[in-house]
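K.L.:
sequence first, then the predicted structure, then my questions.
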Amino acid sequence: MPDTRKPTVDLSIPVIPDMELAATKTAEVVAKHMELGEEATAEISMALIEACLNAFEHSKTDEKNIYIHFVIDDETLTIKVEDKGIGFESEEVEIPDIDQKLKGQRKRGWGLQIIKELMDSVEWESSEAGTTVTMTKTKS
Amino acid sequence: MPDTRKPTVDLSIPVIPDMELAATKTAEVVAKHMELGEEATAEISMALIEACLNAFEHSKTDEKNIYIHFVIDDETLTIKVEDKGIGFESEEVEIPDIDQKLKGQRKRGWGLQIIKELMDSVEWESSEAGTTVTMTKTKS
Amino acid sequence: MAEFGLQTREVNGVVIMDTDGYLNNIAGEKIAEVCDEKLEEDKTKFLLNLENTKVVNSIGVSILIEIIEKLQTVDGQLGYYNLVPIVEKTFNIMGLTKYSSVFPSEEDGLEAFSG
Amino acid sequence: MAEFGLQTREVNGVVIMDTDGYLNNIAGEKIAEVCDEKLEEDKTKFLLNLENTKVVNSIGVSILIEIIEKLQTVDGQLGYYNLVPIVEKTFNIMGLTKYSSVFPSEEDGLEAFSG
Ligand SMILES: Nc1ncnc2c1ncn2[C@@H]1O[C@H](COP(=O)(O)OP(=O)(O)O)[C@@H](O)[C@H]1O
Ligand SMILES: Nc1ncnc2c1ncn2[C@@H]1O[C@H](COP(=O)(O)OP(=O)(O)O)[C@@H](O)[C@H]1O
């Protein structure tokens, strides 16, 4: 059972262009309320954009929504982004490198790396039924 | 059962200052996707702010979230704002008037009027268990 | 998501306030505070430049009604310019435009208030 | 929520693009299109003024990598200025700053590219 003393924010959003910006606005309001500071707020927003885009793209259907869940604790903001997509193994994703990207066909593949760099912790749980990425940012 | 062909967006938000702006950002993305136009988009956002503030204020507790539900149809956007507050009789609310407000103590009391003026249709359903306001805007 | 910003200046005895951000209750109170201070200095003409206020709520705008009420007791005036359409529409719905003025520009506001 | 805006101008043979809004895939493609056009006109030096782009995503930025790749074949250059911190940080994470330059100002960019 969720701890009812911790405020939560939940979003369920369909694949609509720029819908990730609704999530980042929500994150901004929450981060401001928590006094996380401008830098951390921008980092959270950027990580959230990437997590949403992955969920949108890999859920592979227009009809299923993705779920974003914020849990506000004293010092730590936890964000979960959940999709009902096909899943993947995050450890098997290659770490991108600009030199290889410049030579290669596919320039993309930066989302996971960006999320890892910008958040304090990040974890992917994935199965054939979908993926949940859980990321946290703690007040510095 | 909801019609699964109609995209829906759901938000569950706690009473946090400016949290209504997360709802309006969501409305903006949805309205843009529906090509409702700038004027209608701004009207929807303003009505939504007022509906959220009412739900926040009258749910009379920090712990309960309010729910915002968008249903996207071809021509019509339907927005429901739901709270678990004490309820009220919308017909019994006095229509505000600037002359009386200037003379009187209480300058507030404009939310319902603004919502009615800006949306195409609006309806309040209310009981002791809470209130749901349902508003629509159709492409012009 | 920055805090509401308020810059105050004076031109020909008219107090001009440049707002920046969401006009909510807190923002409305900031404006009212400046008006109170300036009223103490016997200023009675106020212009709000709302160029950077794209969003308002009815609580914030209600505080402007309080300001109008105070200004009536000293024969003062309140005006606005650079309103985005939804803000102007809201001011119309609430009837503010009956007791305060929307001007097309700062110049027009200053001209109307200098006399 | 307006569409992404892109204004193009030229100063001393350098193509300057002033962007406005979210740099997503669509925006990235708009920038790439302008670069392609200008490359056909034998322009090889490009500066992006990102002052009004406060948000980017990795798909949009990946398209800048495509542009860098094209510019390498003609000994061209890509630079940016007026980046908000998170955009600069993202460019660093993605390694763009290894093959393109972040300048403190338009002046600095023009100076570096005029030689
Ligand atoms: N939510 C997800 N569901 C399924 N696969 C995913 C998900 N997120 C990431 N992936 C996989 O990981 C890869 C790397 O993702 P990312 O680093 O974000 O780059 P990109 O999305 O540009 O490929 C994706 O190409 C995809 O195969
Ligand atoms: N969601 C709600 N739950 C309970 N009461 C409400 C709700 N919305 C509005 N009301 C009642 O209707 C009145 C008028 O609301 P409104 O026109 O928005 O102005 P204000 O909120 O400024 O009083 C409120 O004062 C309140 O008593």
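P.N.:
Thanks, I have the structure now. Residues are numbered from 1 along each chain as shown, chains lettered A, B, ... in the order given. Ligands and ions are numbered 1, 2, ... in the order given.

K.L.:
now A:A22: which helix or strand?
P.N.:
A:A22 belongs to helix A:20-33 when assigned by DSSP states H and E.

K.L.:
is that helix anywhere near ligand 1?
P.N.:
No - for helix A:20-33, no contact with ligand 1 is found by CB under 6 Å from any ligand atom; the gap never falls below 12.6 Å. C-betas here are computed from N, CA, C, even on glycine.

K.L.:
in contact with residue 22, which residues?
P.N.:
With no chain named, the answer covers chain A. A:A22 is in contact with A:L11, A:I13, B:V9, B:A22, B:K25, B:T26, B:V29, counting by CB atoms under 8 Å, 6 or more residues apart in numbering or on different chains.

K.L.:
please go with chain C instead
P.N.:
B:D18, B:L21, C:F4, C:T53, C:V55, C:V56, C:N57, C:G60.

K.L.:
for the closest residue to A:Q113 other than its chain neighbours, which three-state class applies?
P.N.:
Spatial nearest neighbour of A:Q113, chain neighbours left out: A:P96 (5.6 Å); criterion: CB to CB, 6 or more residues apart in numbering or on different chains. Using DSSP: H, G, I helix; E, B strand; the rest coil, the secondary structure recorded for A:P96 is coil.

K.L.:
and what of A:L36?
P.N.:
With three-state DSSP as the basis, A:L36 sits in coil.

K.L.:
phi, psi for whichever residue of chain A sits closest to ligand 1 please.
P.N.:
With CB to the nearest ligand atom, the shortest gap between chain A and ligand 1 falls at A:G111, namely 2.1 Å. The phi/psi pair for A:G111 (degrees, to the nearest 10) reads phi -60, psi -50.

K.L.:
which pLDDT value goes with it?
P.N.:
Model confidence at A:G111, given as pLDDT, is 98.

K.L.:
identify the bridge partners of the residue nearest to the spatial centre of chain C.
P.N.:
Centroid-nearest residue in chain C, with CA atoms, centre = their mean: C:L48, separated by 3.6 Å. Following DSSP bridges, C:L48 is listed with bridge partners C:M17, C:Y80.

K.L.:
does it really touch C:L83, like I thought?
P.N.:
No - assessed by CB atoms under 8 Å, C:L48 is found out of contact with C:L83, at 9.0 Å.

K.L.:
any common contacting residues for the two?
P.N.:
The contact sets of C:L48 and C:L83 do not overlap (CB under 8 Å, 6+ apart).

K.L.:
the contacts of C:Y22, buried ones only, as a ChimeraX selection?
P.N.:
Entered in ChimeraX, the line below selects the buried ones among the contacts of C:Y22, by 16 or more other CB atoms under 10 Å in any protein chain shown:
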select /B:18,21 /C:4,53,55,56,57,60
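
K.L.:
closest one to D:E106 out of the contacts of C:Y22, please.
P.N.:
C:T53 (29.6 Å; CB to CB).

K.L.:
OK, contacts around the closest residue to that closest one other than its chain neighbours?
P.N.:
Closest residue in space to C:T53, ignoring its immediate chain neighbours: C:T19 at 4.7 Å, by CB to CB, 6+ apart. C:T19 is in contact with C:F4, C:G5, C:L6, C:A27, C:I31, C:L48, C:N49, C:L50, C:N52, C:T53, counting by CB under 8 Å, 6+ apart.

K.L.:
and the pLDDT at C:T19?
P.N.:
For C:T19, the predicted pLDDT is 98.

K.L.:
again, but for A:P2
P.N.:
50.

K.L.:
got it, and A:A42?
P.N.:
Per-residue pLDDT puts A:A42 at 98.

K.L.:
so who does the residue nearest to A:Q113 touch?
P.N.:
Residues near A:P96 by CB under 8 Å, 6+ apart: A:G109, A:W110, A:Q113, D:M94.

K.L.:
the third one is in contact with A:E94, isn't it?
P.N.:
No - the pair formed by A:Q113 and A:E94 falls short of the contact definition of CB under 8 Å, at 9.8 Å.

K.L.:
more crowded one of those two?
P.N.:
More neighbours surround A:Q113 than the other of A:Q113 and A:E94, with 19 against 9 (other CB atoms under 10 Å in any protein chain shown).

K.L.:
ok, that one to D:N92 distance?
P.N.:
Relative to D:N92, A:Q113 is positioned 12 Å away (CB to CB, to the nearest Å).

K.L.:
what's the answer for C:L71, then?
P.N.:
53 Å.

K.L.:
then A:K116?
P.N.:
Remark: distance between A:K116 and D:N92 (CB to CB) = 14 Å.

K.L.:
neighbour count winner among those two?
P.N.:
Taking neighbours as other CB under 10 Å, A:K116 and D:N92 compare with A:K116 leading, 16 against 13.

K.L.:
the more buried one belongs to a strand?
P.N.:
No - under the criterion used here (three-state DSSP), A:K116 is helix, not part of a strand.

K.L.:
that one against A:V122, yeah?
P.N.:
Yes - using CB under 8 Å, A:K116 is in contact with A:V122, at 5.5 Å.

K.L.:
contacts for stretch A:107-114?
P.N.:
So stretch A:107-114 is contacted by A:46-47, A:50-51, A:53-54, A:90, A:93-96, A:101, A:124, D:58-59, D:61-63, D:65-66, D:69, D:90, D:93-94 (CB under 8 Å, 6+ apart).

K.L.:
now list the buried members of those residues.
P.N.:
By neighbour count, with 16+ other CB under 10 Å, the contacts of stretch A:107-114 hold A:46-47, A:50-51, A:53-54, A:96, A:101, A:124, D:58-59, D:61-63, D:65-66, D:90, D:93-94 as buried.

K.L.:
quick revisit: the residue nearest to C:T53: what secondary structure?
P.N.:
Following three-state DSSP, we place C:T19 in the strand state.

K.L.:
tell me how far it lies from C:E69.
P.N.:
C:T19 is 20 Å from C:E69, by CB to CB.

K.L.:
with C:G28 instead?
P.N.:
14 Å.

K.L.:
how about the helices of the chain, start to end?
P.N.:
You didn't pick a chain, so chain A it is. Secondary structure of chain A (DSSP state H): helices at A:20-33, A:38-58, A:98-103, A:111-118.

K.L.:
other chain: chain C
P.N.:
Along chain C, the segments classed as helices by DSSP H run C:25-40, C:58-73, C:85-93, C:106-113.
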